[in-house]
Each structure stands twice: as C-alpha cells, then as structure tokens.
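Participant: generate a structure from the sequence data that follows.
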Amino acid sequence: MKKKHQNVVMNKSYDFALEIIRLYKYLTTEKKEYVMSKQLLRSGTAVGALIKEAEHAQSRADFLSKMNIALKEANETEYWLELLRDADYLDDELSQNYLGESVEIIRLLISIVKTTKARLK
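Facilitator: Numbering: from 1, shown residues only. The predicted model follows:
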C-alpha cells in the first residue's frame, strides 16, 4: 500500500482500519456474526480517524485529548478481538495477527500521550 503520510502511527492506524474492515466483512459473511463485529468495526476504524483529526488540533491540549481517545478506542478494539477469539469466531493465528497490530498501535499511542503530557508541564 502506498503511504500517504510521514506519520508512522497514522499510517499504521490507517492500514489497521483497512484490515478491520476486511475482518468485519469476513465475520459478517462467513461467520454470520453481526453484533461484536460491528463494535469492532466502529472502534477499529475510529483509531485512525481520531489520529487524523489530531493532526489539525487547535492546541496541544486538544491534540492530547484526541490521542487519549484514540488510545481508548485502540484498547476497546483489542477487547473485541480477544472476545471474538475466545468466542471461537477467530482462530488463534488470525487473532494474533490482529492483536499484534493493535498492541503496536497502543504502544505508539501511549508513547505519544506520555510525551505530550510531559511537554504540557
């Protein structure tokens, strides 16, 4: 995929959102699972949208707020992935791929939030 931004977390969250969309299609088509997959779709695509929104934040505090919300959405996405795995909608290998990506995004967001908080002091 062609990268549109120089921002690593933005690129990763965008690519992750595309993967979540594909997973949603699989879950609804193949597994006939609609409730948890819809929650996963919402939270998994919200991460990138919030990061994109933070790109033009009005202030550093606004940036921090948006990144904190993105972090919460990423954590929620991890929860839905784990629940889908444990409910046998996703096999271990497939879920580990998605969980690995979500953990990487969570770590990046934690780092961004910590750095931004330190700069606000």
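
Participant: who touches stretch 72-84?
Facilitator: Applying CB atoms under 8 Å, 6 or more residues apart in numbering, the contact partners of stretch 72-84 are 20, 27, 33, 36-37, 39-40, 43-44, 46-47, 50, 90, 95, 98-99, 102-103, 105-106, 109. Backbone N, C-alpha and C define where each C-beta goes, glycine included.

Participant: let me see the confidence value for Leu50.
Facilitator: The score at Leu50 is 98. That number is its pLDDT.

Participant: wait, His5
Facilitator: Value for His5, per-residue pLDDT: 61.

Participant: strands - which of the contacts of stretch 72-84 land there?
Facilitator: Per DSSP state E, strands hold no members of the contacts of stretch 72-84.

Participant: now the helices for the protein?
Facilitator: For the chain, the helices defined by DSSP state H cover 8-29, 35-54, 60-86, 92-120.

Participant: mean neighbour count added to those, as TSV?
Facilitator: Listed next are these as TSV, based on neighbours: other CB atoms under 10 Å:
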stretch	mean neighbour count
helix 8-29	17
helix 35-54	20
helix 60-86	19
helix 92-120	15
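
Participant: list phi and psi for Glu33.
Facilitator: phi -110, psi 120 (degrees, to the nearest 10).

Participant: quick one, what contacts the closest residue to it other than its chain neighbours?
Facilitator: Sequence neighbours aside, Leu27 is the residue nearest to Glu33 in space, at 4.7 Å (criterion: CB to CB, 6 or more residues apart in numbering). Residues counted as contacts of Leu27 (CB under 8 Å, 6+ apart) are 33, 36-37, 40, 84, 89.

Participant: give me the pLDDT value at Leu27.
Facilitator: Model confidence at Leu27, given as pLDDT, is 98.

Participant: that concludes my questions; thank you for your assistance.
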